[in-house]
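Asks: Quick check, what structure comes out for this input:
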Amino acid sequence: MAEREDTLVFIVGAGPSGLAISACLARKSILFVIVEKEDCCGSLWKKRTYDRCHLHLAKEFCSLPFMPHSPETKKYMPKDDFIRYIDDYVSHFNIRPRYGHSVECAHFNEDEGKWYIEVKTNNMLPSSNNIVTKVFTSTFLVIATGENGKGFIPDIPGLKDFKGDVIHSNQYKSGLQYAGKQVLVVGCGNSGMEISYDLSNHEVNTFIVIRSPLHVVTRDMVWVGMHLLKYLSVSAVDFLIKLASYIKYGDLSKYGIHRPKNGPFSFKALRGRSPALPAISRINGTRVVFKDQVEYHFDAIIFATGYRSTACEWLKDYDFILDENGFPKNPFPRHWKGKNKLYCAGLSRMGLHGVSSDAIAIADDIHYLLQN
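Replies: The predicted structure is shown next:
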């Protein structure tokens, strides 16, 4: 019979979302258990980021609750600085995630009014086969696994037979290994653009697929825009940032880059992150055939095509709060709350700023329910 443990709040995931909620609950003296399938907190940042990765938003929009970044911290933090910040956050709030705990399934028991969470645990030693199944019960359940659970690679005819290297952006480290080669980057979000830039700096002949319209703006334009949103409407800020982008870059259509009709901030609100579906018809060996029937040889393809939430795979009652793609069913700003005391954090498509506001709102709601 599986070992059983009861807690008040059960948190799945020890990335920034789970850690932020833990800190908020700890400040209110609310008991919780936080579990993480990896052997460390912030595993995405520690294990699945490329070498030159920096935060794309200024530090004031990237702090977790109740612990702002120091004045000495760089405006756009390198990943190593943010990793140190995460570790310091865990120490400061005395958060103790249970590592090596992989949630297999969770369901709500209507009769008891509790969540049942089945977890497989191990002692994280490479040579260990000591896997134990444990059942947790809780009054509240928080999904804090984030948007970036599993790398998404679209199904393209011939991809399985591609003769070169195929990786997702979460496996990319540096362009050094591709020096002198011809590489295709599929996806035009932050990762796709940064990886393309990094490859070009390592003497890689780099191609990037840009199928959908997108805005090209600098980090400082985004920084100015986010501050202006405190005082101006989204449409007004969009107009100013589009004007600044045009003054700096001019007409980019001659390079195959077209701006969307919606401005950058309304476009982000509507679409979350820029879609990065490949404009590829098929793949033959090492040759990629595009939809205009032009084809090129490539030594490698790097897919910066985003992620999929994994919550729907283990949460039987995911429709209490999530849609089939693993994102909140309820509209912003109450997206974080579902039925039967089920919550989600870090799925607002607003980055670390959204993580912080989600965590505070969830902890406040749990505290309110306990008091009333």
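Asks: elements contacting the longest helix seen in the chain?
Replies: Ranked by residue count and defined by DSSP state H, the top helix of the chain is helix 351-371. Counting contacts by 3 or more C-beta pairs under 8 Å, 6 or more residues apart in numbering; DSSP states H and E, helix 351-371 packs against helix 16-27, strand 342-344. All C-beta spots, glycine's among them, are computed from the backbone N, C-alpha and C.
Asks: Report the inter-axis angle for the next helix or strand after the longest one versus helix 351-371.
Replies: Same thing as helix 16-27. Next helix or strand after helix 16-27 toward the C-terminus (DSSP states H and E): strand 32-36. Using axes from the mean of the first three to the mean of the last three C-alpha atoms, to 10 degrees, the direction of strand 32-36 lies 150 degrees away from that of helix 351-371.
Asks: what mean pLDDT would you report for strand 32-36?
Replies: For strand 32-36, mean pLDDT is 98.
Asks: tell me what it is packed against?
Replies: Where contact means 3+ C-beta pairs under 8 Å, 6+ apart, strand 32-36 is packed against strand 3-12, helix 16-27, strand 98-99, strand 101-109.
Asks: and Arg52, how many neighbours?
Replies: Arg52: 15 surrounding residues under other C-beta atoms under 10 Å.
Asks: Who are the contact partners of it?
Replies: Ser174, Glu194, Asp198 (C-beta atoms under 8 Å, 6 or more residues apart in numbering).
Asks: could you redo the last one with a cut-off of 7 Å?
Replies: Glu194, Asp198 (C-beta atoms under 7 Å, 6 or more residues apart in numbering).
Asks: Secondary structure class of it, three-state.
Replies: coil (DSSP: H, G, I helix; E, B strand; the rest coil).
Asks: need the longest strand for the chain.
Replies: The single longest strand within the chain, with elements called by DSSP state E, is strand 132-143.
Asks: Summarise which helices and strands the helix or strand following that strand is packed against.
Replies: Where DSSP H and E defines the elements, the next helix or strand beyond strand 132-143 is strand 150-151. Here strand 150-151 touches strand 307-308, going by 3 or more C-beta pairs under 7 Å, 6 or more residues apart in numbering; DSSP states H and E.
Asks: Now the strand it packs on: average pLDDT?
Replies: 86.
Asks: The stretch 101-250 of the chain: strands as residue ranges?
Replies: 101-109, 114-121, 132-143, 150-151, 165-168, 182-186, 205-209 (DSSP state E, counting those that start in this stretch).
Asks: what's the closest non-adjacent residue to Glu295?
Replies: The shortest distance from Glu295 to any non-neighbouring residue, by C-beta to C-beta, 6 or more residues apart in numbering, is to Val289 (4.3 Å).
Asks: Would you mind identifying the helix or strand in this protein with the lowest mean pLDDT?
Replies: Counting by mean pLDDT, DSSP states H and E, the chain has its least confident helix or strand at helix 264-271, which shows a mean of 56.
Asks: ok, then the element right after that helix?
Replies: Taking DSSP H and E, what comes next after helix 264-271 is strand 280-284.
Asks: Contacts made by the helix or strand that that next one is followed by with the rest, please.
Replies: With elements assigned by DSSP H and E, the helix or strand that comes after strand 280-284 is strand 287-290. Here strand 287-290 makes contact (C-beta under 7 Å, 6+ apart) with Leu184, Ala279, Ile280, Ser281, Arg282, Glu295, Tyr296, His297, Phe298.
Asks: List the buried residues of strand 287-290.
Replies: Val288, Val289, Phe290 (16 or more other C-beta atoms under 10 Å).
Asks: Stretch 292-312 now?
Replies: Neighbour-count burial for stretch 292-312 flags 298-312 (criterion: 16+ other C-beta under 10 Å).
Asks: Okay, and which of those map to strands?
Replies: Filtering those for strands - DSSP E - leaves Ala300, Ile301, Ile302, Phe303, Tyr307, Arg308.
Asks: any idea of the mean pLDDT in the longest helix of the chain?
Replies: On average, helix 351-371 scores 96.
Asks: Appreciated, that's everything.
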